[in-house]
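Asks: structure for the following, please:
(chains A and B)
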Number of protein chains: 2
Amino acid sequence: MRLLVVLMCLLAGCLAQKPHPCRSPPLLSGALTVSTQNEKLWAYAQYLYDALGQRVRLRELGTYQNKSFTQDVLLLFREGTMYDIFENNHTCSKRPLKGVFHPMAIPKDASLLGQAILGSSSGPGQGLLVNTWTGDLHGETGKYMSTVTEFGCIPVSTMYHTVQFGWMMTSFFNNVIGISDPGQLNPPDFCLDTEMKADEEPVDFFHLFRNKH
Amino acid sequence: MRLLVVLMCLLAGCLAQKPHPCRSPPLLSGALTVSTQNEKLWAYAQYLYDALGQRVRLRELGTYQNKSFTQDVLLLFREGTMYDIFENNHTCSKRPLKGVFHPMAIPKDASLLGQAILGSSSGPGQGLLVNTWTGDLHGETGKYMSTVTEFGCIPVSTMYHTVQFGWMMTSFFNNVIGISDPGQLNPPDFCLDTEMKADEEPVDFFHLFRNKH
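Replies: Predicted coordinates:
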């Protein structure tokens, strides 16, 4: 009986816990869409994310200023290198990558906007418990708003303001914990001989889209 | 053994089924946010929805053209009446309501854009299976995009284009099947003597916000 009371208290304690900033799983793969307030940019991407090796692969297709584009990039933050991969003709370009790797996480100084159920809590499989956080962007002026799942800290959506696009919204979906083909996070064989473009401006992850031509 | 095979086939059949347009539960309550591309309007609302009685109650707070507003409206489609309710001083205004009641549903002629998991399918409580549909707005030119849960047909988000606001996005959350206080869908006692404003332009549900002052 006493055990039951202790268990009940523990359970009540867990349920009563306030959400805390969290870090997403170190290995994730899935898809995302990026849309911008001024409609200059729209993109769909499949992503692979490896926080342990500080590597990100993005296969995008989208439109930029009413022109469609495709892009396949591999970002290696440890090495400070970014590859543009052209599978169709087995060529690559290699550019310096600026900045440090930022793991997907809710920063410790973020403020909880609220906890909510997407969908409904009235039936099984009908709802998803999420937490929405806001805070100030580091380095830049402006705010961000991030929504992650309560269980697993899986990204759902992120919004922040940019000078070029106005509000920029990224929506994540079909996320899976783990990476089914880790080979995709290494440069392909046909990239190994590629020379770094010395005259190239270093690219910053968050400004990937700004350098679109 | 044969029963097992039949059961397996049934299960496989159910899992392999393509999503179909659906109708949301007739009684729903929850919350929503409305945001617009041109940032003219932002609103948070608690809603009650009764498709059987064709009644909707919306308690909103938001900003319109940088001015904050609150609004408490009861829409009675069967009677073609809309009440503005002012709880603070127990007064009402009563206006004609134009148009027929549209139940929350994915129209039969909608096209499936895709099925996706919000969050992750890698752990329990981490993901939500949703279907996203598009189609042409009836009566008006332009497209809509609606996302609902696969299980329960609960609204998640809706986007459509308006002349006044550009893209208008409604996000639903904390939805519950049923209405805990059905009295909220009747006009309060202090409204019963209110006269219909004869000179008032009829209001259309979808243009509620256009008549904001």
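Asks: which bits of chain A sit near chain B?
Replies: Neighbours of chain B within chain A, by CB under 8 Å from any CB of the partner chain: A:28, A:30-31, A:37, A:116-130, A:149-152, A:154, A:156, A:173-178. Where C-beta positions appear, they are placed from N, C-alpha and C, glycine not excepted.
Asks: check which residues of the strand ranked longest in chain A are buried.
Replies: Secondary structure of chain A per DSSP state E: the longest strand is strand A:166-177. In terms of neighbour count (16 or more other CB atoms under 10 Å in any protein chain shown), strand A:166-177 has its buried residues at A:167-177.
Asks: tell me the angle of that strand relative to strand B:166-177?
Replies: 40 degrees (axes from the mean of the first three to the mean of the last three CA atoms, to 10 degrees).
Asks: quick one: distance of strand A:166-177 to the chain centre.
Replies: With CA atoms, centre = their mean, to the nearest Å as the basis, strand A:166-177 stands 7 Å off its chain's centre.
Asks: can I get the buried residues of strand A:166-177 in a markdown table including distance to residue A:54?
Replies: Formatted as a markdown table, the entries for the buried residues of strand A:166-177 read as follows, by distance: CB to CB, whole Å:
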| residue | distance to residue A:54 |
| --- | --- |
| A:167 | 28 |
| A:168 | 23 |
| A:169 | 25 |
| A:170 | 20 |
| A:171 | 24 |
| A:172 | 19 |
| A:173 | 24 |
| A:174 | 23 |
| A:175 | 19 |
| A:176 | 20 |
| A:177 | 18 |
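Asks: return the member of those nearest to residue B:200.
Replies: Distance to residue B:200 across the buried residues of strand A:166-177 (CB to CB) is lowest for residue A:167, with 35.6 Å.
Asks: what sits against the closest residue to that closest one other than its chain neighbours?
Replies: Take residue A:167 and drop its neighbours on the chain: the residue closest to it by CB to CB, 6 or more residues apart in numbering or on different chains is residue A:37, 4.1 Å away. Contacts were defined as CB atoms under 8 Å, 6 or more residues apart in numbering or on different chains; by that measure residue A:37 touches A:165-168, B:37.
Asks: in TSV: those, plus pLDDT and distance to residue B:18.
Replies: Listed next are these as TSV, based on pLDDT from 0 to 100; distance: CB to CB, whole Å:
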residue	pLDDT	distance to residue B:18
A:165	88	35
A:166	89	37
A:167	91	34
A:168	92	33
B:37	93	32
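Asks: so what touches stretch A:51-71?
Replies: Under the criterion CB under 8 Å, 6+ apart, residues A:24, A:26-27, A:34, A:40-50, A:72-78, A:84, A:101, A:103-104, A:184-185, A:205, A:208-209, A:212 lie in contact with stretch A:51-71.
Asks: and what of stretch A:112-121?
Replies: For stretch A:112-121, the surrounding residues in contact (CB under 8 Å, 6+ apart) are A:18-19, A:126-134, A:145, A:150, A:156, B:28, B:30-31, B:118, B:128, B:130, B:149, B:152, B:154, B:156, B:172-177.
Asks: kindly recompute the last result at 6 Å.
Replies: Residues lying outside stretch A:112-121 but in contact with it, judged by CB atoms under 6 Å, 6 or more residues apart in numbering or on different chains, are A:19, A:126-134, B:128, B:149, B:152, B:154, B:156, B:173-175.
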